[in-house]
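A.B. asks: coords below, sequence missing:
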């Protein structure tokens, strides 16, 4: 099984002793956090997403000296009794809701971007992933670039070609970072009002954003997860049923670590008549449906589509939102309220909706649940890098198709402007050739590891208007990556122009359609201003 046994980090004996009260192990790539205040766990994970360091190294360097009182020692009194109670309720009564009452923080380090999408699939968990915007993938731990070679490929005659192709991609990416930074410094000279730190950060982020499409999906990342026992159980069952060995191998690692902190909640996962049957059901159903679907879809070619297509919406969506807004302040039944909304003049409906939304002073001020009364379904064909960012939104329904080179790749304008076009296309061509070779060998499931992130993947996002407001306003913010900003700007326009829900689109007043050159500039300026205010003792 594709199961890493050692972390890429090494610790001295003294460091290992210092870490041992707070982590379930100090020598494996998957581990849980123990004996730490919840605020420390949250802060540690937040820092994790923008650092190239491992979680345990971050803790040693930046958090250990703040643990003056030592580890939180939870009392063992009552633990055995509680474990028996949970086991009895879960197994005898089947009351799964009790598994929502305990949770754990877990770190998975050095996992591929293929695996990160599996880890981040569930709705009822929280995730933080290492950023390709703030962390350059130029380190070579143990002399190797940061990518995963799947066991399926390792056993094949294509293992050497796989490494050579990915090595070349990483070498190209690493070589072009200084040149791309120089290109952006020439194009965007430093303003006298900006500090050197702000300018360096903005230029670095712009260069890394531009070049991340060179990185393959096999690129490794660090992921922090927080979830309830129920959420982890569901995740592990899906992972044990997954066809990729890396996914199943990490499921075993995660189960071992989680059993050190929330054992009672995971007792059923590997019981043959409980979790075992569930895993078999998931795996067999997936394989059976894939075979049936191939027979139906094999002769059909994909029709061309734009980057974003609104494929489903309710023409009466705005009427239904208004009826839903009236419901909690009324004594009338739901269907009668819909008729009331239908009889209102368009201006009256627009006024009611504006009043319901209220005066929003920032994007975090959101209207109530009435906006959940209408849905939008978008079919999106975007580069894999943008998909990675959008896939982490959880209060919606999202599914994606296998990553391949079939839909072509994106090419940022700066690639040609900086003179990197030949190198960019060479990486894309080699990625496509390797993808084709893997599929020709019957390694279709492992082939996505080889595909560069600039290649497009098709996915759908199905959401209500409330979640659409959150997604669109967040992801069109000026500091966002150009790829997903463009996708969400098109979503906003489609809600107004295709669905005709102009009042709902207008309520999304923080959707930003501006053209931004240096995406991180305003955000970095704001952060520096806050830092200076804290240093000056201002609130």
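C.D. replies: Received, thanks. No experiment lies behind these values; they were computed from the predicted model shown.
A.B. asks: hey, which helix is longest across the chain?
C.D. replies: helix 159-187 (DSSP state H).
A.B. asks: tell me what that helix is packed against?
C.D. replies: Where contact means 3 or more Cβ pairs under 8 Å, 6 or more residues apart in numbering; DSSP states H and E, helix 159-187 is packed against helix 196-211, helix 413-417, helix 421-440. Where you see a C-beta, it was placed from the backbone N, CA and C, and this is true even at glycine.
A.B. asks: and those helices as TSV, adding mean neighbour count, mean pLDDT and distance to residue 124?
C.D. replies: Putting those into TSV (neighbours: other Cβ atoms under 10 Å; pLDDT from 0 to 100; distance: least, Cβ to Cβ, whole Å) gives the following:
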stretch	mean neighbour count	mean pLDDT	distance to residue 124
helix 196-211	20	92	30
helix 413-417	15	95	39
helix 421-440	18	98	34
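A.B. asks: and of those helices, who's closest to residue 469?
C.D. replies: helix 196-211 (25.1 Å; Cβ to Cβ).
A.B. asks: what does the closest one rub up against?
C.D. replies: Identification of contacts with helix 196-211 by Cβ atoms under 8 Å, 6 or more residues apart in numbering yields 132-136, 173, 176-177, 180-181, 183-185, 188, 190-191, 412, 414-415, 481-482, 518-521, 524-525, 528.
A.B. asks: how much distance is there from that helix to the middle of the chain?
C.D. replies: Remark: helix 196-211 is offset 22 Å from the chain centroid, using Cα atoms, centre = their mean, to the nearest Å.
A.B. asks: angle of that helix against helix 159-187?
C.D. replies: For helix 196-211 against helix 159-187, the angle by axes from the mean of the first three to the mean of the last three Cα atoms, to 10 degrees is 130 degrees.
A.B. asks: would you say residue 221 is within a strand?
C.D. replies: Yes - counting by DSSP: H, G, I helix; E, B strand; the rest coil, residue 221 falls inside a strand.
A.B. asks: what's in contact with the helix or strand hosting residue 473?
C.D. replies: Taking DSSP states H and E as the criterion, residue 473 maps to helix 465-475. Residues outside helix 465-475 that contact it (Cβ under 8 Å, 6+ apart): 317, 321, 363, 366-367, 369, 371-376, 389-390, 393, 395-396, 461, 463, 480, 484-485, 487-489, 491-492, 495, 501, 504, 507-508, 510-512.
A.B. asks: as JSON lines, the helices and strands packed on helix 159-187 with distance to residue 303 would be great.
C.D. replies: Shown next, in JSON lines, are the helices and strands packed on helix 159-187 (distance: least, Cβ to Cβ, whole Å):
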{"stretch": "helix 196-211", "distance to residue 303": "31"}
{"stretch": "helix 413-417", "distance to residue 303": "28"}
{"stretch": "helix 421-440", "distance to residue 303": "22"}
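A.B. asks: tell me the phi and psi of residue 225?
C.D. replies: Residue 225 adopts backbone torsions of phi -130, psi 140, taken as degrees, to the nearest 10.
A.B. asks: what about it, how many neighbours?
C.D. replies: Using other Cβ atoms under 10 Å, residue 225 has 24 neighbouring residues.
A.B. asks: what's the helix or strand for the residue lying closest to it once chain neighbours are set aside?
C.D. replies: The shortest distance from residue 225 to any non-neighbouring residue, by Cβ to Cβ, 6 or more residues apart in numbering, is to residue 106 (4.8 Å). Residue 106 is part of strand 103-112 when elements are defined by DSSP H and E.
A.B. asks: that older thread, quickly list what the residue nearest to residue 225 is bridged to.
C.D. replies: residue 32, residue 225 (DSSP bridges).
A.B. asks: hmm, it is touching residue 257, no?
C.D. replies: Yes - if you go by Cβ atoms under 8 Å, residue 106 and residue 257 touch, sitting 6.4 Å apart.
A.B. asks: quick check: neighbours shared by the two?
C.D. replies: Both residue 106 and residue 257 are contacted by 30-32, under the criterion Cβ under 8 Å, 6+ apart.
A.B. asks: show me which of the residues you listed is closest to residue 51.
C.D. replies: Relative to residue 51, the closest of the shared contacts of residue 106 and residue 257 is residue 31; by Cβ to Cβ it sits at 16.6 Å.
A.B. asks: just the strands in this structure please.
C.D. replies: Using DSSP state E, the strands found in the chain span residues 30-32, 103-112, 125-129, 220-228, 308-313, 375-383, 397-400, 456-464.
A.B. asks: the longest one: how far from the chain's middle?
C.D. replies: With Cα atoms, centre = their mean as the basis, strand 103-112 stands 13 Å off its chain's centre.
A.B. asks: other SSEs contacting it?
C.D. replies: Here strand 103-112 touches strand 30-32, helix 38-48, helix 113-119, strand 220-228, helix 229-240, helix 245-258, going by 3+ Cβ pairs under 8 Å, 6+ apart.
A.B. asks: one more: the shortest one?
C.D. replies: Contact analysis of strand 30-32 by 3+ Cβ pairs under 8 Å, 6+ apart lists strand 103-112, helix 245-258 as its packing neighbours.
A.B. asks: what's the angle from the first one to helix 229-240?
C.D. replies: With the same axes, to 10 degrees defining the directions, strand 103-112 sits at 30 degrees from helix 229-240.
A.B. asks: now strand 103-112 and strand 220-228, what's the angle there?
C.D. replies: Going by the same axes, to 10 degrees, strand 103-112 makes 160 degrees with strand 220-228.
A.B. asks: how about the nearest residue to residue 167, chain neighbours excluded?
C.D. replies: Excluding the flanking residues, the one nearest residue 167 by Cβ to Cβ, 6+ apart is residue 145, at 6.1 Å.
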